[in-house]
Each structure stands twice: as C-alpha cells, then as structure tokens.
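Engineer: below: sequence and its predicted model.
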Amino acid sequence: MPSSSRFSLASARRAADEDRIAQWVGAFLASRGSDNEVLAAGLAEREHWWWGPVRVPVDAIARLAGPEEDALLPIDADHWEHDVESMEESLESGWEPPPLLAEWQGGKLLLQDGNHRYEAQVREGATGVWVIVFSDDLAAREDFVVWLGDRLTPPRA
C-alpha cells in the first residue's frame with residue numbers, strides 16, 4: 001500500500017484545493033503499492049476534467065478488476081484474496097485508504113484504480129467510499145453534477 005501520509009484523503013483534498021489533483025493522481029498511480037504507471041501515463045497524455053474527492057455510495061461504482069470470469073481485468077483469485085484481506089486487516093487497524101479513481105463515462109462511474117481498496121471497504125461494511133472522478137469529455141461535467149446530486153454521502157463521523 002502506498003505511504004499513507006503522502007497519498008491520503010487529506011493530501012488528495014489539499015491537491016484538489018490547490019488545483020493539483022491531476023499531478024497528485026499521476027504521482028499516486030506511479031507510486032509503489034499502486035503500481036499503475038500505465039494508467040498514469042495514459043492520463044498524462046491529454047487534459048481531463050476532475051472532481052473530488054467526493055464520497056459516493058458503493059453501489060454507484062462499477063468495479064472493473066477482480067477474480068470474476070467476466071471481469072474486464074481478471075486477477076488471479078488467490079492473489080486477489082491475499083491483497084483484499086491484507087487491506088481489510090489494515091482498515092481494522094485504522095488505515096484510511098487513498099481515494100479510489102473512477103472514470104465518468106456513459107453515465108457510469110468505472111473504477112479505474114482501487115479495485116482491491118474498494119472490495120476491502122465493501123467487505124468491511126462501507127456504504128460509501130471516497131473517489132476522485134475524471135472524464136475525457138468536458139461536456140459530461142454537467143451530466144456528472146446532475147447524476148451526483150443526492151448520491152453524495154456524508155463523511156463518517
């Protein structure tokens with residue numbers, strides 16, 4: 001898991017407040033633990049619009065990776081379980097995971113990074129998760145704002 005101090009919800013919020021969320025996401029994706037340099041490079045190739053971090057209901061997110069046969073990015077079941085269980089233990093010890101990264105596309109939030117973190121939080125009973133959202137389609141911003149509407153969930157106390 002990436003360093004909790006450098007890549008935390010708090011650091012993501014600071015980056016968003018300072019209009020540096022794209023840089024934060026790129027550094028996080030390329031960091032040890034995330035190991036998603038390919039996605040970081042792809043996002044750096046062109047401009048996107050960004051939203052968040054925002055807290056959304058878990059059922060509003062489409063997970064793309066996992067051990068399921070129909071997963072867009074299949075992951076070995078044993079490897080998946082090991083990673084998710086490790087994250088569950090960390091959550092139980094007070095770890096607050098970095099925000100997930102989802103793409104707003106076609107009226108859906110597609111989970112591009114954080115599939116293991118998402119699953120661990122769901123298994124721990126989370127009803128909402130923190131997400132940074134991006135889209136290639138600048139015109140979709142209004143659609144996302146409308147969609148988000150009442151789906152925002154308040155932060156945990």
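Structural biologist: Good, I have the coordinates.

Engineer: name the element residue 112 belongs to?
Structural biologist: In this structure, residue 112 is located in strand 108-113 according to DSSP states H and E.

Engineer: who are the packing partners of that strand?
Structural biologist: Applying 3 or more CB pairs under 8 Å, 6 or more residues apart in numbering; DSSP states H and E, one finds that strand 108-113 contacts strand 61-63, strand 100-105. (C-beta placed from N, C-alpha, C; glycine too.)

Engineer: could you list the buried residues of the shortest one?
Structural biologist: If I follow you right, that is strand 61-63. 61, 63 (16 or more other CB atoms under 10 Å).

Engineer: for the last one, same thing?
Structural biologist: When burial is assessed from 16+ other CB under 10 Å, strand 100-105 yields the following buried residues: 100, 101, 102, 103, 104.

Engineer: the first one contacts residue 129, correct?
Structural biologist: By that I understand residue 100. Yes. Using CB atoms under 8 Å, residue 100 is in contact with residue 129, at 5.9 Å.

Engineer: which neighbours do those two share?
Structural biologist: Counting by CB atoms under 8 Å, 6 or more residues apart in numbering, the common neighbours of residue 100 and residue 129 are 61, 117, 118.

Engineer: I figured the second one was touching residue 101, is that so?
Structural biologist: Pointing back at residue 117 there. No. Counting by CB under 8 Å, residue 117 sits too far from residue 101 to count as a contact (9.9 Å).
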